[in-house]
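1. sharing a model that was predicted from the sequence below.
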Amino acid sequence: MNTETPTSATGTDDRSWPVLKAALTEPCDGCNPITGRPCTLGHHSGYHRDSSGTEWLDE
Ligand SMILES: [Zn+2]
């Protein structure tokens, strides 16, 4: 049994998303439309999150 790869549990690889790669080169500048707080996740994809822990998704 080999348990030396704990980070591979999900089997996903974010680096395989060429479409999102360009967007990940800059920190997120999203702003929560409900709380008005800026996104604090920096480089990410999917849901945004502000300093209060609230998450949102803009289209
Ligand atoms: Zn964001």
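-> That came through, no problem. The structure displayed is predicted, hence computed values, not measured ones.
2. show me the helices in the chain, by range?
-> In the chain, the helices defined using DSSP state H lie at 18-21.
3. and the protein, which of its residues are near the ion?
-> Residues of the chain lying close to the ion by Cβ under 5 Å from the ion are C28, G30, C39, L41, H48. C-beta: built from backbone N, CA, C; applies to glycine.
4. in strands only, show me those.
-> When DSSP state E defines the strands, the subset of the residues of the chain next to the ion inside them is H48.
5. columns neighbour count and pLDDT on top of the residues of the chain next to the ion, output as CSV?
-> Compiled in CSV, the residues of the chain next to the ion are given as follows (neighbours: other Cβ atoms under 10 Å; pLDDT from 0 to 100):
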residue, neighbour count, pLDDT
C28, 17, 90
G30, 19, 92
C39, 20, 95
L41, 16, 93
H48, 22, 96
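6. which pair in the residues of the chain next to the ion spans the largest distance?
-> Farthest apart among the residues of the chain next to the ion by Cβ to Cβ are G30 and L41. That separation is 8.4 Å.
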